[in-house]
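Participant: The following block contains a protein sequence and its predicted model.
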Amino acid sequence: MKYVRIEKPRPHTSVIVMDRPERMNSMAFELVGPLHAAIQEVSADNDTWCVVLTGSGQGFCSGADTQATEPPPNIDGMTLTRIATRSMTILSDLVPALRRMPQPVICAVNGAAIGGGFCLTLGADVRLASESAYFRAAGINNGLTAAELGLSFLLPRAIGSSRAFDIMLSGRDVSAQEAADIGLISRCVPDAQLRNSALDLADQINGWSTQGVQLTKRMMWAGLETGSLASAIELESHTQLFVRLTTQNFEEATRARKEGRPPVFED
């Protein structure tokens with residue numbers, strides 16, 4: 001796929017690379033379309049247990065493209081207002097598409113994550129960033145709103161409302177170190193170590209039960225929208241019981257500990 005490639009550098013891990021470095025991997029439709037396709041392809045790959053999303057070159061994703069770009073697909077005969085709605089529908093599904101992936105998604109933020117690129121990182125389950133990376137809610141800088149692609153929902157839940165208001169209203173850059181300090185990312189690593197750090201984390205996740213990992217991801221996302229502790233516990237109880245009764249994973253974990261070896265979960 002042009003501008004997006006899929007790599008499989010290690011067993012059971014797929015890396016989706018936004019690959020238009022000359023445009024800082026901006027969210028032009030030339031890239032967004034292939035990115036959607038890559039997400040769907042990797043989602044359906046049963047041999048992929050974990051996903052890494054990153055960008056090529058010096059930036060992760062610079063958000064809206066300010067240069068000439070292709071129009072969204074399939075707009076023949078449509079009015080401007082309908083084209084605008086079609087455009088936002090395509091863009092707005094990127095974060096939910098990452099959330100729908102059965103596999104955990106690790107976002108390896110290798111540089112600027114601006115505007116929609118910042119929002120895209122919030123669709124991942126885990127975020128790592130290189131020391132040179134930074135984040136900016138750039139809609140406000142462009143005379144628009146900073147609230148786009150789910151940022152007003154996800155950012156306060158990730159770092160708290162006061163910090164989210166600060167970042168979204170000021171339009172300032174948030175360094176990778178600050179992002180780590182406030183919990184926006186899991187950790188900040190040297191630039192040269194980012195890819196391997198993400199792959200190592202994927203390897204660690206892949207060592208557990210694929211079913212247990214995928215259902216944990218689903219429960220974590222559901223928990224963000226659950227209205228009460230009682231509801232969360234009810235959901236968790238049924239999920240835990242389901243895996244316990246339909247697999248031999250618990251028995252295998254017990255045997256492995258006694259025998260001093262890594263468990264081999266067959267789900």
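Facilitator: That came through, no problem. The model shown is predicted, which means the values in this text are computed figures rather than measured ones.

Participant: Would you tell me which helix is longest in this protein?
Facilitator: The single longest helix within the chain, with elements called by DSSP state H, is helix 229-246.

Participant: Output that helix as CSV - backbone C-alpha positions only.
Facilitator: What follows is helix 229-246, C-alpha atoms only, in CSV (Å, rounded to 0.1, in the frame of the first residue of the first chain):
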residue,chain,number,x,y,z
LEU,A,229,-17.7,0.4,39.9
ALA,A,230,-20.5,-2.2,40.2
SER,A,231,-20.9,-2.3,36.5
ALA,A,232,-17.2,-2.7,35.9
ILE,A,233,-17.0,-5.6,38.4
GLU,A,234,-19.9,-7.3,36.8
LEU,A,235,-18.3,-7.2,33.4
GLU,A,236,-15.0,-8.3,34.7
SER,A,237,-16.4,-11.2,36.6
HIS,A,238,-18.1,-12.7,33.6
THR,A,239,-15.1,-12.2,31.4
GLN,A,240,-12.7,-13.8,34.0
LEU,A,241,-15.1,-16.7,34.5
PHE,A,242,-15.4,-17.2,30.8
VAL,A,243,-11.6,-17.6,30.3
ARG,A,244,-11.2,-19.7,33.4
LEU,A,245,-13.9,-22.2,32.5
THR,A,246,-13.2,-22.4,28.7
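
Participant: ok and the helix or strand that it is followed by relative to helix 229-246, angle-wise?
Facilitator: As assigned by DSSP states H and E, the chain's next helix or strand after helix 229-246 is helix 249-259. Using axes from the mean of the first three to the mean of the last three CA atoms, to 10 degrees, the direction of helix 249-259 lies 70 degrees away from that of helix 229-246.

Participant: Show me where the stretch 1-150 of the chain has its helices.
Facilitator: Using DSSP state H, counting those that start in this stretch, the helices found in the stretch 1-150 of the chain span residues 29-43, 80-92, 94-100, 116-122.

Participant: Residue 77 and residue 43: what is the separation?
Facilitator: 32 Å (CB to CB, to the nearest Å). In short, each C-beta sits where N, CA and C put it, glycine included.
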